[in-house]
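In: Sequence and predicted structure, then a few things I'm wondering about:
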Amino acid sequence: MVTWKRRGRHFCQLCDKSFTRSGSLKIHQRLHTGEKPYSCDKCGKAFTTSGDLKKHQHIHTGEKLYNCDQCGKAFTTSGVLKVHQRVHTGEKAYSCDQCGKAFSTSSKLTIHRRLHTGEKPYNCDQCEKAFCTSSKLTIHRRIHTGEKPYWCDQCGNTFSKSGDLKVHRRVHTGEKPYSCDQCEKAFITSSRLTVHRRVHTGEKPYWCDQCGKAFSKSGDLKKHQRVHTGEKPYNCDQCGKAFSRSDDLNVHRRVHTGEKPYWCEKCGKAFSRLGDLKVHRHVHTGEKPYSCDHCGKAFLTSPQLTVHRRVHTGEKPYSCYQCGKAFLTPGELKKHQRIHTGEKPLC
């Protein structure tokens, strides 16, 4: 590569940058030629200068020569130490020209700018889904490979993300770092706290576009939408009966197993569902928590109150398809249909 010298400085003919020493110019010119004459004998990575190679070799040796005078943390290069020190100084020298948000490193600013541009330069070669950072692509690929490199040393459970392992470990430690400022109830994750706060605020941000019913959790909306679609993805492996919710399937399985895990502490009667036990307890307490706002009559359960209200409203939602006669309850309809079928009730 041709160079020239004037007034004691050495100039690059390609970009006109100047240097006081010819050696510095020679190193600079490798940016244009792509020459990297210094290679690592451990991994083969190549560098333009011997100094860059020397810094790189600290990765293999584990040597960390640069220490933070604030916290003592050690680093392999002075550049990484300089970035770290901004944690202590609070310096954020790189600002977004779109929204003004500031960052401690230029690389973080570059990633942030993609929120404004919509750029997603990292593509999955399996499904073509795109991501704004290489780390997010790496995590995504584990969906296809099934790789779960993070494992719990307490129970052996494995995870695809280090953050998921961190949250899981709180199951063993009992740590709940997120507390509600209204009732002081504590949670393992910030997202669970966010959902819980809606109990106090009454916020229900998830709306059904079919009937307008609102929910505080997206999962509850998803379950509800199956009422409209008729989807029942959970099947019993004993009888094939299908359910829209996994909870309902778990309760149903107890029909086959005979399991009744909920016991009344007063009389010892057992139930397959917690809700049935709660209703049963009213027998002992005499409590009838559901009252009619028309006549004041009280009932053990809300379904009993719903049926009773039809006495006042005149509503009869169950109709016979043979003759059109209507009834308050499905039980009454079933009895009536025996007139048409000739079926005799079991004694």
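Out: Sure thing, it's come through. Numbers count the residues shown, from 1 in each chain.
In: Quick check: which element contains the residue nearest to the spatial centre of the chain?
Out: Taking C-alpha atoms, centre = their mean as the criterion, Ser191 is the residue nearest the geometric centre of the chain, at 8.0 Å. Assigned by DSSP states H and E, Ser191 belongs to helix 190-201.
In: Which strands and helices lie in contact with that helix?
Out: strand 178-179 (3 or more C-beta pairs under 8 Å, 6 or more residues apart in numbering; DSSP states H and E). All C-beta spots, glycine's among them, are computed from the backbone N, C-alpha and C.
In: what packs against the helix or strand following the strand it packs on?
Out: Next helix or strand after strand 178-179 toward the C-terminus (DSSP H and E): strand 186-187. For strand 186-187, the contact count by 3+ C-beta pairs under 8 Å, 6+ apart identifies strand 178-179 as packing neighbours.
In: The strand it packs on: partners in the sheet, and parallel or antiparallel?
Out: Partners of strand 178-179 in the sheet, by DSSP bridges, are strand 186-187 (antiparallel).
In: neighbours of Ser134, just the number please.
Out: Applying other C-beta atoms under 10 Å, we find 11 residues neighbouring Ser134.
In: Not counting sequence-adjacent ones, nearest residue to it?
Out: In this structure, Ser134 finds its nearest non-sequential neighbour in Tyr122, 5.2 Å apart by C-beta to C-beta, 6 or more residues apart in numbering.
In: who's that neighbour bridged to?
Out: Judged by DSSP bridges, the bridge partners of Tyr122 are Phe131.
In: List the pairing partners of the helix or strand following the helix holding Ser191 within its sheet, with orientation.
Out: Using DSSP H and E, the helix or strand that follows helix 190-201 in sequence is strand 206-207. Using DSSP bridges, the strands paired with strand 206-207 are strand 214-215 (antiparallel).
In: Give me the contacts around the strand it pairs with.
Out: The contact list for strand 214-215, computed with C-beta atoms under 8 Å, 6 or more residues apart in numbering, reads 204-208, 221, 224.
In: Recalculate using a threshold of 7 Å.
Out: Contact with strand 214-215 is made by 204, 206-207, 221, 224, as judged by C-beta atoms under 7 Å, 6 or more residues apart in numbering.
In: now the following helix or strand past it against helix 190-201, angle please.
Out: Sequence-wise, the next helix or strand downstream of strand 214-215 (DSSP H and E) is helix 218-229. Angle, helix 218-229 to helix 190-201, by axes from the mean of the first three to the mean of the last three C-alpha atoms, to 10 degrees: 70 degrees.
In: Rounded mean pLDDT for helix 218-229, please.
Out: For helix 218-229, mean pLDDT is 92.
In: buried stuff in it?
Out: Residues of helix 218-229 classed as buried under the neighbour-count rule (16 or more other C-beta atoms under 10 Å) are 221, 223-225.
In: just the residues you listed now: which is nearest Val283?
Out: Distance to Val283, by C-beta to C-beta, is smallest for Lys223 among the buried residues of helix 218-229, at 30.8 Å.
In: who touches the helix holding Ser191?
Out: Contacts of helix 190-201 (C-beta under 7 Å, 6+ apart): 178, 180, 182, 185, 187, 204, 216-217.
In: could you redo these as CSV and give each row distance to Thr49?
Out: Below are the contacts of helix 190-201 laid out as CSV (distance: C-beta to C-beta, whole Å):
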residue, distance to Thr49
Tyr178, 48
Cys180, 56
Gln182, 59
Lys185, 58
Phe187, 51
Lys204, 61
Ser216, 59
Lys217, 56
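In: Show the buried residues in the residues you listed.
Out: Buried among these by 16+ other C-beta under 10 Å: 178, 187, 216.
In: Okay, the residue nearest to the centre of the chain and Gly342: tell me how far apart.
Out: Plainly put, Ser191 is 59 Å away from Gly342 if you go by C-beta to C-beta, to the nearest Å.
In: try Arg114
Out: According to C-beta to C-beta, Arg114 stands 73 Å off from Gly342.
In: now the residue lying closest to Glu35 once chain neighbours are set aside: how far from Phe19?
Out: Leaving aside its chain neighbours, Glu35 sits nearest to Thr48 (7.0 Å; criterion: C-beta to C-beta, 6+ apart). From Thr48 over to Phe19 the distance is 15 Å, taken as C-beta to C-beta.
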